[in-house]
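Student: only geometry, no sequence info:
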């Protein structure tokens, strides 16, 4: 299908405001009368609070109020209501809010913070879920099981297990009886951080009229609104949440993170807006962290390479509060079958309370943590079968008609993994590998990838569209622009749907729950798919309104009329027409009488067929899968153990490409993040639960000089759900790099790795150990 | 103790009263309300606070305000003339170098400090300059493309 405005690299609508420094981010907002908060963090990662003495802090210059958790009567959370805005009787992780100072300036608040005296009684600290799961482990939440939780969640009272998810397909473990060859291994995807360049922050204002105003660097304004209304027992409509520009999200600004804490603090000074922005250290210690997933995987196959059964045990160190971790555990568990069909699956995932900051979303949401195992296992199995690892995959891909672990049948519209795989094979493996030389070993590794959709009951996205009296159109939605380029997608899809040039489509800048249409939250690479669909549905309604007015003007039935963006005209005689611009406020006739109605429309779109898991952990995620294939070409420096990625190839079937430059940018960024996780990044905890590297100069994210050359291509099998056949791409690119690089390391030096990051030190030690053998 | 410190900012002579040890970043953002310069980390790692002082790109988060007494200071707000973007801004806004935009002002000012003085800067000089900036969105390739495009525009301008 030929499109007029899709498949073209239009500039971003927000590029100029960002390049001139005029885009407004959370910390740029100034409100008259605004106060500033600083938050005290504990000295222990797990301890009872014996006493808090705030007297001296209260006497410090500029101090308006010192706040503790005392008297807080509510818990909050979307999945498990286990969160508190400020520690009450105990602290459960090193970055937890213990007390806060509100002052006229941030400097005054910070100075007073040092005067608060807290006495603690330390408790045992668990960083690794395997320790927290031991029968004699101290309970991090003695209330586990008593908290309100979604009906689909299964906490185990009296333990630190917040949720167990168990998926069974076919005969489950019994299926291994049909296998002739079995491989088993354990993997670890350690804790990390999204590390957006903009730290988290919020402004909360309890107003005298008992309403609440909030500004936050968040992608879930409507969740914040509902959550605060619930906690403070006011109507949802009396909480107004605004989202300015966001300086990167990558997951950890989803779900409710810092807003409830800032609200609790601000609730003590009604009438005053209170601003809090995380220091970089707090952004690491006191917002959401990532991953922390271990898996023990077993795969069985026939001698000729047909996959038969998979078993996986996912042990998720979920952090001090499990509300945000549980769905990642579930995603990591059911996605651990990867892009392959197994007749029999037994996949179990445990979300376990530990004494780290809560684990939350990170670009990829369980996929890379699971498929690091699956894609390494394919290579291990191929080795055991003495088969080519790509050929083994080719025999088992989840192609049209195959059934995944969840029991969903794959459609042609989910994309063509075989072509993705073949393209990567051709690009990377059809040429000869460089030969080992004096300084380097060379290797190549492959990894396929599958991305499942992310839905929930009523996880919808809305669109409000109005036609202006010059024929331009204003589009308002609730999707958060975090850098992913959503505003460009809105503009191009609306242009295509309305047949109006993109220059005449004005895309919303901020989100305001008072005006913006509802959106669950901008997560899971779902905006293009669902948001785009909502745009098309709103456009169809808008066109219907315009046609209905035109029918009155042209004195005909609607079904004789055509619309082309500029005119509504009689199908059989296009000269009989009325300009779309003249239909925007109804049609004003020459005598001043207006006929028809104001041309605006509202719509929303969910994922079709989303259903909660059944008793076997199976269900429908909403039929919007995406597949791809990747490969790494690497060099290992003999002297230092440094791994250099000479080229990384990614091919995804994304359906219709909306903006070629932007989609390449998305994959470039995703692969770079995942290479960071594979080679450098890990949040390091000491045995007391303190984070050893909560700074950008210690937590190393990839730099300019470490950028990797990339070969990126897309296949465009039209999607059945997304707008004009488009699918999302936000997270997909992070799935392949770790296993592809690890498979390449084996190819280069014959060493198997099962955990990341593989730093030069780790690699060098492994090379030395190999030498000794 | 508050001190009076005078300097030129974006072409305008200015005097501020501030603690001498206050960092330039905080003066620019909190006293002068020029919020285009961003605060990304607290220890001059990320580079998003970069401004141009006397023609040179410097990080403003660890620069005490007394050090800019009498200096000529330029922030990202001082580059465009009305709706006419500076060539570096034009290049960066069109190359795909902008996603979330939070690192962008720092990168624009870094390139300004390098290329205004030396449009023929070598590849190594460009790499060294841009390596002072962290970007989590783009994978850097579009930033390199934008920098090269900016360099070309500036060379043509001269």
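Tutor: Perfect, thanks for sending it. Note that the coordinates shown come from a computational prediction; the quantities given were computed from them, not determined experimentally.
Student: and the helices in the stretch 351-500 of chain A?
Tutor: With DSSP state H, counting those that start in this stretch as the criterion, the stretch 351-500 of chain A has helices at A:367-385, A:389-394, A:417-424, A:486-498.
Student: likewise for chain B?
Tutor: B:24-26, B:87-94, B:104-115, B:123-130, B:141-157 (DSSP state H).
Student: just the stretch 51-200 of chain A next, same as before
Tutor: Going by DSSP H, counting those that start in this stretch, the stretch 51-200 of chain A shows helices at A:55-58, A:106-113, A:129-132.
Student: need the helices of the stretch 351-500 of chain A in JSON lines with distance to residue A:607, mean pLDDT and mean neighbour count, can you?
Tutor: Every residue, glycine included, has its C-beta placed from N, CA and C. JSON lines is the format used below for the helices of the stretch 351-500 of chain A (distance: least, CB to CB, whole Å; pLDDT from 0 to 100; neighbours: other CB atoms under 10 Å in any protein chain shown):
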{"stretch": "helix A:367-385", "distance to residue A:607": "17", "mean pLDDT": "98", "mean neighbour count": "25"}
{"stretch": "helix A:389-394", "distance to residue A:607": "27", "mean pLDDT": "98", "mean neighbour count": "20"}
{"stretch": "helix A:417-424", "distance to residue A:607": "21", "mean pLDDT": "98", "mean neighbour count": "21"}
{"stretch": "helix A:486-498", "distance to residue A:607": "17", "mean pLDDT": "98", "mean neighbour count": "26"}
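Student: can you pull the contacts of the residue of chain B found nearest chain A?
Tutor: Relative to chain A, the nearest point of chain B is residue B:36 (2.1 Å; CB to the nearest CB). With contact taken as CB atoms under 8 Å, 6 or more residues apart in numbering or on different chains, residue B:36 is in contact with A:20, A:21, A:22, B:75, B:76, B:77, B:105.
Student: and these, which two are furthest apart?
Tutor: A:22 and B:75 (11.7 Å; CB to CB).
Student: put the buried members of the contacts of residue B:36 into a ChimeraX selection.
Tutor: Of these, the buried ones can be selected in ChimeraX as follows, counting by 16 or more other CB atoms under 10 Å in any protein chain shown:
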select /A:20,21,22 /B:75,76,77,105
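Student: show me the shaky parts of chain A.
Tutor: Along chain A, the model assigns pLDDT under 70 to residues A:1.
Student: mind checking the SS state of the closest residue to chain B within it?
Tutor: Nearest residue of chain A to chain B, counting by CB to the nearest CB: residue A:21, 2.1 Å away. Under the three-state scheme (DSSP: H, G, I helix; E, B strand; the rest coil), residue A:21 adopts coil.
Student: which residues touch residue 27?
Tutor: No chain was given, so I picked chain A. Contacts of residue A:27 (CB under 8 Å, 6+ apart): A:198, A:201, A:275, A:277, B:29, B:35, B:38, B:39.
Student: should've been chain B
Tutor: Counting by CB under 8 Å, 6+ apart, residue B:27 touches B:16, B:18, B:65.
Student: do residue A:204 as well
Tutor: A:212, A:213, A:214, A:259, A:262, A:263, A:265, A:266, A:267, A:273, A:274.
Student: just those residues that are near chain B?
Tutor: When CB under 8 Å from any CB of the partner chain is applied, no member of the contacts of residue A:204 is adjacent to chain B.
Student: farthest-apart pair in the residues you listed, please.
Tutor: A:213 and A:265 (14.7 Å).
Student: who has more neighbours, the two?
Tutor: residue A:265 (27 against 18; other CB atoms under 10 Å in any protein chain shown).
Student: which other helices and strands does whatever helix or strand that one lives in contact?
Tutor: With secondary structure defined by DSSP states H and E, residue A:265 is part of helix A:259-266. If contacts are counted by 3 or more CB pairs under 8 Å, 6 or more residues apart in numbering or on different chains; DSSP states H and E, helix A:259-266 sits against strand A:35-40, strand A:99-103, strand A:201-206, strand A:212-216, helix A:221-231, strand A:273-277.
Student: where along the stretch 501-650 of chain A do the strands fall?
Tutor: Along the stretch 501-650 of chain A, counting by DSSP state E, counting those that start in this stretch, strands occupy A:505-507, A:511-512, A:561-563, A:567-570, A:573-579, A:585-588, A:594-598, A:600-605, A:626-637, A:643-653.
Student: quick one: closest of these to residue A:327.
Tutor: Nearest to residue A:327, of the strands of the stretch 501-650 of chain A and by CB to CB, is strand A:626-637 at 18.7 Å.
Student: what's stretch A:763-773 in contact with?
Tutor: With contact meaning CB under 8 Å, 6+ apart, stretch A:763-773 is reached by A:636, A:638, A:640, A:641, A:642, A:643, A:745, A:749, A:750, A:751, A:753.
Student: the closest residue to the fourth one other than its chain neighbours - how many residues pack around it?
Tutor: This means residue A:641. Distances taken as CB to CB, 6 or more residues apart in numbering or on different chains place residue A:764 nearest to residue A:641, at 3.0 Å, with adjacent residues excluded. Residue A:764 sits with 17 neighbouring residues when counted by other CB under 10 Å.
Student: one more: residue A:267?
Tutor: Neighbours of residue A:267 (other CB under 10 Å): 18.
Student: one more: residue A:169?
Tutor: Applying other CB under 10 Å, I find that residue A:169 has 25 neighbouring residues.
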